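Undergrad: Need coordinates for the below:
(2 chains)
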Amino acid sequence: MTTTKKTRLVVIGNGMAGIRTLEELLKLAPDMYDITVFGAEPHGNYNRILLSPVLAGEMTIKDIMLNDVDWYAQNGITLHLNKTVTQIDRVRRKVIAADGTEADYDRLLLSTGSNPFMLPVPGKDLPGVISYRDIKDTDEMIEAASRYRHAVVIGGGLLGLEAANGLKLRGMDVTVVHLMPWLMERQLDRTAAGLLQKSLEAKGLKFLLEKQTEELVKGESGRICAVKFKDGETLPADLVVMAVGIRPNTGLAETAGLYCNRGVVVNDTMQTYDPRIYAVGECVSHRGIAYGLVAPLFEQAKVCANHLAQLGISRYTGSVTSTKLKVTGIDLFSAGDFIGGEGTEEIVLSDPSGGMYKKLVIKDDKIVGGVLYGDTADGSWYFQLLRDGQNIRELRGRLMSGQSHLGNSGHQGQNNAASMPDEMEVCGCNGVCKGTIVKAIKEKGLFTLEEVRKHTKASSSCGSCTGLVEQILASTIGGAYQPVDTSRKPLCGCTDYTHEEIRKAIVERKLKSIPEAMGFFEWRNVNGCASCRPALNYYLLCAWPYDYRDDPQSRFINERAHANIQKDGSYSVVPRIYGGVTTPAQLKRIAEVAEKYAVPTLKITGGQRIDLLGVKKEDLPKVWADLDMPSGFAYGKSIRTVKTCVGSEWCRFGVQDSTSLGIALEKALDRMWAPHKVKLAVSGCPRNCAEATIKDVGIVGVDSGWEIYVAGNGGIKAEVSLFLVKVKSAEEVMEYASAFIQLYREEARYLDRTVHWVQRVGMDYVKKRIVADATGRKALHERLKDALCDEKDPWQERVRGAEAQEFMPIRFQSKNHVSGDTHE
Amino acid sequence: MSEWIRICPLEEIPRLGSRVVQTVKGDVAVFRNGSDEVFALRDQCPHKGGPLSQGIVFDRKVTCPLHGWTVQLDSGEAVAPDCGCTHRYRARVDKGEVYLNLS
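TA: Predicted structure coming up:
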């Protein structure tokens, strides 16, 4: 029996990093700890980065609460508000607050945040001199704005400018004093800072640059009355806001003898030099860096929670940060190394009179930093490229014009969220307007794309508006927004391991069933979830075509029923018509089946075949039997169709027999499962009537042979395919196309289309494997043939009775089956 | 008065799967989870009426095939942040047979 008391976790600091850690911990191990939280402020956990909109009068304190006091109660957390911890007794493992409150701990989490740095000048303690850090400061500024006229903000950084803007909006006369030659020198180069200053001046702010404060002068009332500078000049001031920087709040940790060096020093698991004590947030120094933005703190929180939950499989390796200024009407974005230097090159697009400036710093074909001013729509895209370390050689030509086609349909051609009105629809699938998204982000305290998707459904269906939603998120929460690191993507919420790690282990460790794979990687949820099971099923099927027994219960219904579910629960049936070439006999049979089963709709599909829509599930096996045609796999992450034009057999322009090649390809790839659907097309001449350049594999006949294109897409986001190779014969097409598809099957992540996978690994890699390496290509081709040679047609299998129960509902005549009360 | 109706032997419902039972009260989805517990819900997702019987089952949950809502098998409640509820019926296993109670 293990009924001993629960482990005690004490958290010092009731801010965003500490509480985020608790939220992550409660997700992983809800019952592991008895938790006590100490907070020096009288509030629950609030969104500190939204203090600026509160100051500017755009939001209220209530809007920015992330966890109100009820949240702590609901989660059984003991909350001590208004209590500053003054001592950590590491020997007796207890913390003591100023008022004498004590709490014992087994694990301690320090999240004491940072303190604003106050210039050590005479008068710094006068009434009317404040920092800008918490709700109290904000309230004091709002109060001062209603009574006084002159405000001086010392510090022209992010925080200083946001404070100045807020005070100006509240009617004060505001001057920003800055020691450096230009504003926000840690985020902006001189040009961008100049543009920023100009637009802030247009809003009525005044600036004094390269000015050093000497003294804060006391007035008759005892309150601050003026700021005096080194050069002798003075400036009237009823309110002085010091925003010259923050310092990690390490006082408590140092007193307790914990090793600190400009922050509480932690390792990659967020553990301090005392193994019982962890630390996260602004008080921390990790690999010599103390972060002051929210996004890195959340990453730390996640890692720390993982270790507190004793899972021990997560490391924090540092963050690349980006900045966005939250001043309404000013669009500014900065990330990474935006100045550049030796070994770097710059691409600059500048239109000063239009108020637009873009600079990207590039090193070894990778973006290492950038500044955007005026048009920051592409900020998240650039930042993503930067974080992922993606090679941008192929993008170079269109890099500066941005990700102009964020999605081609469903949101009225918009690609700049900032210019959209609140009532404009962003997500055309789920009917979500911009205003709804902004409101949800603010009210529910959402920080990630996933959270926005869950709460609003925006971009959760086809995903074409993802870019817009990311922009809205970025502009609403500013620097706290961190795009997902797509280079390391956990398979789903059930595990922290990536697709790649799991695929590798399946092969190397010879894992041959879903329970084995889940067991090996210590899956968090029993049976996984609707995201990971289909992925694992595919990975196992791809790795072990002979040994793995397909698990129908881990397939999405369409693949389990071998037909497409429709909105009313009926199904659609698409028989295979190779290359789109049919016969009178086939057409007659389809017509007869449609009549016999009263199929409500017959539709010619975009893939050159015929769809029978509205078939009842229980009729499916009978329909298939009567059709006596192969399954078209129109329902699967699988080969779909090979679209063809009529080619040289009939067409006066045709130079190659596209139809025969298309049919041969479709037969060769028949019954093939893949990470996502796979579409091909073959055109008989460069007029390209089969639209081969928007397919996963597109073949275009030319007089001297065939051109092979790959990684195109015609759906959610149109992508023109990339040229792979030109070959002479149809046999070669077969080999190259099959090899490409097999490489995709073996290496892409589940639900990646070829375009997503190729964009990630790069076309150079694909060419190396498929074009340059003849042996490897042939081996890939052989492996695909091998995987497909024994695949049976699923419709014929079910006509013969396989999985019969799947299609048969249970009916009962109530009399016969009533068992009465005997079983109660 | 409660009436238990025998549906089918347990093994006729696939583990982590379901069967549709056509009843006077409409289609009822009877689920069997990984630990051989059985649950019964009206075969309609609280979102847009999708057939829950066709969803992927895990733990004590099912994900609707139409738009991916996840519904709790033991209560019929949608998993947050989605909000809604579908009718739950009583179901149980006795000597290898599955029984359903529609009252």
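
Undergrad: What pairs with the host helix or strand of residue A:226, parallel or antiparallel?
TA: Assigned by DSSP states H and E, residue A:226 belongs to strand A:224-229. Sheet pairing of strand A:224-229 (DSSP bridges) gives strand A:213-218 (antiparallel), strand A:234-236 (antiparallel).

Undergrad: mind showing which ranges of chain A have poor pLDDT?
TA: Within chain A, the stretches with pLDDT under 70 are A:1-4, A:326, A:328, A:403-415, A:479-480, A:482-487, A:812-824.

Undergrad: Could you chop it up by domain?
TA: Domains of chain A are assigned by automatic domain parsing as A:7-113+A:248-308, A:129-244, A:499-555, A:560-788.

Undergrad: what about the last one, distance to the chain center?
TA: Its chain's average C-alpha position is 30 Å from that of domain A:560-788, according to C-alpha atoms, centre = their mean, to the nearest Å.

Undergrad: Residue A:189 and residue A:359 touch, don't they?
TA: Yes. Taking C-beta atoms under 8 Å as the definition, residue A:189 is a contact partner of residue A:359 at 6.6 Å. Every C-beta, even on glycine, is put in place using the N, C-alpha and C of the backbone.

Undergrad: Next, show the common contact partners of these two.
TA: Residues touching both residue A:189 and residue A:359 by C-beta atoms under 8 Å, 6 or more residues apart in numbering or on different chains: A:338, A:371.

Undergrad: so which of the domains of chain A comes closest to residue B:11?
TA: Residue B:11 lies closest to domain A:499-555 among the domains of chain A, at 13.9 Å (C-beta to C-beta).

Undergrad: quick check, that closest one touching chain B?
TA: Yes. Applying C-beta under 8 Å from any C-beta of the partner chain, one finds domain A:499-555 in contact with chain B at A:525, A:526, A:527, A:528, A:529, A:530, A:533, A:534, A:552, A:553, A:554.

Undergrad: Can you tell me which of these has the most neighbours?
TA: Highest neighbour count within these, by other C-beta atoms under 10 Å in any protein chain shown: residue A:528, with 28 neighbours.

Undergrad: What are the boundaries of the strands in the stretch 101-250 of chain A?
TA: Here the stretch 101-250 of chain A has its strands, by DSSP state E, counting those that start in this stretch, at A:102-104, A:107-110, A:114-116, A:129-131, A:150-154, A:173-178, A:206-209, A:213-218, A:224-229, A:234-236, A:239-242, A:246-248.

Undergrad: Please work out which of the strands paired with strand A:224-229 is packed deepest.
TA: Mean neighbour counts were taken over these using mean count of other C-beta atoms under 10 Å in any protein chain shown, and the top value, a mean of 19, falls to strand A:213-218.

Undergrad: Show residues contacting that strand.
TA: By C-beta under 8 Å, 6+ apart, strand A:213-218 touches A:119, A:121-124, A:126, A:129, A:154, A:177, A:224-230, A:234, A:237, A:240.

Undergrad: Could I get the CA-only coordinates of it as PDB?
TA: This file holds the C-alpha atoms of strand A:213-218, laid out as PDB (Å, rounded to 0.1, in the frame of the first residue of the first chain):
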ATOM      1  CA  THR A 213      19.600  61.900 -16.600                       C
ATOM      2  CA  GLU A 214      21.500  63.400 -13.700                       C
ATOM      3  CA  GLU A 215      18.900  64.200 -11.100                       C
ATOM      4  CA  LEU A 216      15.200  64.000 -10.400                       C
ATOM      5  CA  VAL A 217      14.200  67.300  -8.900                       C
ATOM      6  CA  LYS A 218      11.800  67.600  -5.900                       C
END
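
Undergrad: List the buried residues in stretch A:131-139.
TA: Across stretch A:131-139, burial judged by 16 or more other C-beta atoms under 10 Å in any protein chain shown covers A:131, A:132, A:133, A:134, A:135, A:137, A:138.

Undergrad: Over to stretch A:87-100?
TA: Buried-residue list, stretch A:87-100, by 16+ other C-beta under 10 Å: A:88, A:90, A:93, A:94, A:95, A:97.

Undergrad: How are the helices of the stretch 51-200 of chain A distributed by residue range?
TA: A:51-55, A:69-74, A:135-147, A:158-169, A:190-202 (DSSP state H, counting those that start in this stretch).

Undergrad: Using CSV, please lay out those helices together with distance to residue A:344.
TA: Converted to CSV, these look like this (distance: least, C-beta to C-beta, whole Å):
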stretch, distance to residue A:344
helix A:51-55, 32
helix A:69-74, 46
helix A:135-147, 39
helix A:158-169, 24
helix A:190-202, 17
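
Undergrad: how about those helices, which one is nearest chain B?
TA: Closest approach to chain B among the helices of the stretch 51-200 of chain A is made by helix A:69-74 (13.0 Å; C-beta to the nearest C-beta).

Undergrad: and the closest residue to residue A:195 other than its chain neighbours, bridged to which residues?
TA: Leaving aside its chain neighbours, residue A:195 sits nearest to residue A:373 (5.1 Å; criterion: C-beta to C-beta, 6 or more residues apart in numbering or on different chains). Taking DSSP bridges as the rule, residue A:373 bridges to residue A:332, residue A:357.

Undergrad: which residues touch residue A:373?
TA: A:188, A:192, A:195, A:196, A:331, A:332, A:333, A:355, A:356, A:357, A:358.

Undergrad: hmm, back to that, mind checking which of the buried residues of stretch A:87-100 land in strands?
TA: Members of these lying in strands (criterion: DSSP state E): A:88, A:94, A:95, A:97.

Undergrad: and the nearest residue to the first one once chain neighbours are set aside, how many neighbours?
TA: By that I understand residue A:88. Spatially, and ignoring its direct neighbours in sequence, residue A:88 is nearest to residue A:256 (3.9 Å; C-beta to C-beta, 6+ apart). Residue A:256 has 20 neighbours, counted by other C-beta under 10 Å.

Undergrad: Look up how far residue A:502 lies from the residue nearest to residue A:195.
TA: In this view, residue A:373 and residue A:502 are 42 Å apart by C-beta to C-beta, to the nearest Å.

Undergrad: Buried deepest among the helices of the stretch 51-200 of chain A, which one?
TA: Ranked by mean neighbour count, the helices of the stretch 51-200 of chain A are led by helix A:158-169 with a mean of 25 (mean count of other C-beta under 10 Å).

Undergrad: Tell me the gap between that one and the middle of its chain.
TA: When C-alpha coordinates are averaged (C-alpha atoms, centre = their mean), helix A:158-169 and its chain have centres 30 Å apart.

Undergrad: try stretch A:290-308
TA: Using C-alpha atoms, centre = their mean, the distance from the centre of stretch A:290-308 to the centre of the chain it belongs to is 17 Å.

Undergrad: Convert the C-alpha atoms of it to CSV, please.
TA: Backbone C-alpha positions of stretch A:290-308 (Å, rounded to 0.1, in the frame of the first residue of the first chain) are rendered in CSV as follows:
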residue,chain,number,x,y,z
ALA,A,290,18.2,35.6,-18.9
TYR,A,291,15.1,35.9,-21.0
GLY,A,292,12.6,38.8,-20.6
LEU,A,293,10.0,37.7,-23.1
VAL,A,294,7.1,35.4,-22.5
ALA,A,295,7.6,32.9,-25.2
PRO,A,296,10.9,31.4,-23.9
LEU,A,297,9.5,31.3,-20.4
PHE,A,298,6.6,29.1,-21.6
GLU,A,299,9.1,26.8,-23.2
GLN,A,300,11.0,26.6,-19.9
ALA,A,301,7.7,26.0,-18.1
LYS,A,302,7.0,23.0,-20.3
VAL,A,303,10.4,21.4,-19.7
CYS,A,304,10.3,22.1,-16.0
ALA,A,305,6.8,20.5,-15.7
ASN,A,306,8.1,17.5,-17.5
HIS,A,307,10.8,17.0,-14.9
LEU,A,308,8.6,17.8,-12.0
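
Undergrad: re earlier: distance to residue A:369 for the domains of chain A - can I get that in JSON lines?
TA: Below are the domains of chain A laid out as JSON lines (distance: least, C-beta to C-beta, whole Å):
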{"stretch": "domain A:7-113+A:248-308", "distance to residue A:369": "15"}
{"stretch": "domain A:129-244", "distance to residue A:369": "10"}
{"stretch": "domain A:499-555", "distance to residue A:369": "27"}
{"stretch": "domain A:560-788", "distance to residue A:369": "21"}
